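*Asks:* Give the three-dimensional model of this entry:
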Amino acid sequence: MTLEILTPEKKLYSGSVYGVQLPGSDGLFEVLDRHAPLVSALTKGNLKILKDKNTFTNFAIQGGFVEVFNNKTTVLVEGAVEL
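*Replies:* Modelled structure (predicted):
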């Protein structure tokens, strides 16, 4: 799956990943390879990039939106800091 994380100022991340965990408005959820199409609002919280089953990177995000389509996940956030 391809993941892009974008803020209004810059691209924070772009690459192939195993999955991503996101803080949705109704709770934490995870997107993996070949996920069904989805659009969801995100709240302030922790975004976890699963590079493979054992390696991950965390970002603290300020909220935004996620779109999943054709095995590509695009995360649009107001602000983010890598932890």
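
*Asks:* List the contacts of the lowest-mean-pLDDT helix or strand in the chain.
*Replies:* Least confident helix or strand of the chain, by mean pLDDT, DSSP states H and E, is strand 80-82 with a mean of 89. Here strand 80-82 makes contact (CB atoms under 8 Å, 6 or more residues apart in numbering) with I5, T7, L12, L47, T57, N58, F59, A60, I61, Q62. Every residue, glycine included, has its C-beta placed from N, CA and C.

*Asks:* Give the ChimeraX command for selecting the buried subset of these.
*Replies:* Isolation of the buried members of these (16 or more other CB atoms under 10 Å) is achieved in ChimeraX through the command below:
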select :5,7,12,47,59,61
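
*Asks:* export the contacts of strand 80-82 to CSV and tack on distance to P37, pLDDT and secondary structure?
*Replies:* Shown next, in CSV, are these (distance: CB to CB, whole Å; pLDDT from 0 to 100; DSSP: H, G, I helix; E, B strand; the rest coil):
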residue, distance to P37, pLDDT, secondary structure
I5, 19, 95, strand
T7, 23, 93, coil
L12, 23, 92, strand
L47, 20, 95, strand
T57, 25, 93, strand
N58, 26, 95, strand
F59, 23, 94, strand
A60, 27, 95, strand
I61, 22, 94, strand
Q62, 25, 91, coil
